[in-house]
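> following is a predicted model, sequence given first.
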Amino acid sequence: MVDEEGIALKKSADSEESSSRVSDESTDMRSTDTEENGSPQYHQANPEPMSEDAKQKERDFRKKLNQAARKMVSDSIHEKVKLMVHRPDYDQEVQKEYFSLSKELMPIVQEIARKTLPLLEHETSSEFERNRYYGSKFQADSVAYRDYRYFAKKRPPSESPSLVVGLRVDESASMSAFGRLEAAKRAVIAVYEFCQICHIPVLIYGDTADVSKMEQMSIFAYADFDKPDSNDRFRLMRIQGRSNNRDGMALRIMGERLAVSMQQTKLLISISDGQPKAMDDYTGSYAITDMQQIIEEYERKGITFLAAAIGQDKDVISEIYGHERFLDITNLNEFPAKLVRIIARYL
């Protein structure tokens, strides 16, 4: 089955029937973070100030992220690029912005999650694990995917389907134009909240290049599955247009993080409005070749790449990632829900 974006969809034969039978109790999306109608609870607008111990743990985590990121690029063309990983903070102003942007999104996100969770319950309870290269049971309906995963095998009781999501946000200066920045923020809110509801580990990083001679590459760790924090939703509001973009370096760091995760399906989505360009010569065919080699390398490690193009360089982004990995986001208002639905199809 292929959707309108040209992406192969994996769906169980009786998933629609399963979805229609599920009870209201099993799909109740309410949590301590949301009201009954799906809007955020405002009691989180004034979280407790961080203790000194918590602040030290944040500093230690940021140091760990910096060390790991530098190691991940040590054998690449980015080895000598001066890198800094930041862990953005949050205050009342960004909390207000979060509530303003999320208020209309949450009912949509929760509705998608309500329809998704029954499929997760069905897949988890399934006797056979589907879409394998080998196994004891042939799946005729999988031949249409043309990925050679035509078999199923008995699943151990402790094993269940799993997904990890990485969301990379281009924070180049041009993202500030034409409403792209707000669209990106709305999209990351939707993805983050959907992943929280469905218990999907999520990694949300932003990046920019050349903010200074001493910081040629900047990574912003907004949400990290190694240190989940309910206040990460507020950190997302620190996303902004900054300087240039060194896409390949960001993809390598995030790809490596996902590659060593324990989840079965690893999805890395890049939100960008333009082609790579950073000093001194990271541009044109040199940068494009680097990105394509990274995509090829990490696809061999099990990463699925998707590129959401929200700017003027859609043709170039499509050429870099390949048509089968390309999402043309023409309507920015529809972007958040569209992105969440795409992620749901990988469950």
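Now that the structure is in, tell me what you want to look at.

> pLDDT below threshold where in the stretch 1-150 of the chain?
1-48, 121-150 (pLDDT under 70).

> from Phe234, how far out is the spatially most central residue of the chain?
Centroid check for the chain by CA atoms, centre = their mean gives Leu167 as the closest residue, at 2.7 Å. To Phe234, Leu167 is 16 Å away according to CB to CB, to the nearest Å. (Each C-beta comes from the backbone N, C-alpha and C, glycine too.)

> helices or strands next to the longest strand anywhere in the chain in the packing?
Criterion DSSP state E: the longest strand present in the chain is strand 202-212. Packing contacts for strand 202-212, counted by 3 or more CB pairs under 8 Å, 6 or more residues apart in numbering; DSSP states H and E, involve strand 163-170, helix 180-197, strand 215-223, helix 247-259.

> quick one: contacts of the shortest one?
Read it as strand 163-170. Residues outside strand 163-170 that contact it (CB atoms under 8 Å, 6 or more residues apart in numbering): 184, 188, 191, 195, 200-208, 225, 239, 245, 247, 250-251, 254-255, 257-258, 261, 263-274, 343, 346-347.

> just the buried ones from those residues, in PyMOL syntax?
Under the burial definition 16 or more other CB atoms under 10 Å, those of the contacts of strand 163-170 that qualify are selected in PyMOL by:
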select buried, resi 184+188+191+195+200+201+202+203+204+205+206+207+208+225+239+245+247+250+251+254+255+257+258+261+263+265+266+267+268+269+270+271+272+273+274+343+346+347
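
> that older thread, the longest strand of the chain - what's its average pLDDT?
Computed over strand 202-212, the mean pLDDT rounds to 97.

> what segments of the stretch 201-347 of the chain are helices?
Ranges of helices in the stretch 201-347 of the chain, per DSSP state H, counting those that start in this stretch, are 232-235, 247-259, 284-300, 314-321, 335-344.

> mind putting these into a markdown table with distance to Met175 and mean pLDDT?
Shown next, in a markdown table, are those (distance: least, CB to CB, whole Å; pLDDT from 0 to 100):
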| stretch | distance to Met175 | mean pLDDT |
| --- | --- | --- |
| helix 232-235 | 17 | 97 |
| helix 247-259 | 13 | 98 |
| helix 284-300 | 18 | 97 |
| helix 314-321 | 14 | 93 |
| helix 335-344 | 13 | 94 |
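
> between those helices, which one is nearest to Thr116?
Evaluated with CB to CB, the helices of the stretch 201-347 of the chain place helix 335-344 nearest to Thr116, the distance being 4.6 Å.

> tell me the angle that closest one makes with strand 163-170.
In terms of direction (axes from the mean of the first three to the mean of the last three CA atoms, to 10 degrees), helix 335-344 departs from strand 163-170 by 150 degrees.

> hey, C-alpha coordinates of helix 335-344 in PDB?
Taking C-alpha atoms only, helix 335-344 is exported to PDB below (Å, rounded to 0.1, in the frame of the first residue of the first chain):
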ATOM      1  CA  PHE A 335       2.300  20.200   8.000                       C
ATOM      2  CA  PRO A 336       2.000  19.200  11.700                       C
ATOM      3  CA  ALA A 337      -0.900  16.700  11.200                       C
ATOM      4  CA  LYS A 338       0.600  15.400   7.900                       C
ATOM      5  CA  LEU A 339       3.900  14.700   9.700                       C
ATOM      6  CA  VAL A 340       2.300  12.900  12.600                       C
ATOM      7  CA  ARG A 341       0.200  10.700  10.300                       C
ATOM      8  CA  ILE A 342       3.300   9.700   8.400                       C
ATOM      9  CA  ILE A 343       5.100   8.700  11.600                       C
ATOM     10  CA  ALA A 344       2.000   6.700  12.700                       C
END
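
> what packs against it?
Against helix 335-344 (3+ CB pairs under 8 Å, 6+ apart) you get helix 105-125, helix 180-197, strand 265-272, strand 303-309, strand 326-328.

> as TSV, the ones you listed with distance to Lys82 would be great.
TSV is the format used below for the helices and strands packed on helix 335-344 (distance: least, CB to CB, whole Å):
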stretch	distance to Lys82
helix 105-125	37
helix 180-197	25
strand 265-272	22
strand 303-309	26
strand 326-328	31
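
> of these, which is nearest Tyr90?
helix 180-197 (13.4 Å).

> go through the closest one and flag the buried ones.
180-181, 183-197.

> one more: stretch 67-86?
69-70, 72-73, 76-78, 81, 83-86.

> count the neighbours of Glu58 for me.
15 (other CB atoms under 10 Å).

> phi and psi next, for the nearest residue to it once chain neighbours are set aside.
With sequence-adjacent residues excluded and distances taken as CB to CB, 6 or more residues apart in numbering, Glu58 is closest to Arg87, at 6.0 Å. The phi/psi pair for Arg87 (degrees, to the nearest 10) reads phi -120, psi 90.

> ok, the closest residue to Ser261 other than its chain neighbours - how many residues close by?
Spatial nearest neighbour of Ser261, excluding adjacent residues (CB to CB, 6+ apart): Val164 at 4.8 Å. Using other CB under 10 Å, Val164 has 21 other residues around it.

> likewise Leu119?
Neighbours of Leu119 using other CB under 10 Å come to 20.

> what sits against the closest residue in space to Asp226 that isn't next to it in sequence?
Ranked by CB to CB, 6+ apart and with sequence neighbours excluded, the top spatial neighbour of Asp226 is Phe61, at 7.8 Å. Neighbour list for Phe61: 87, 224, 226-227 [criterion: CB under 8 Å, 6+ apart].
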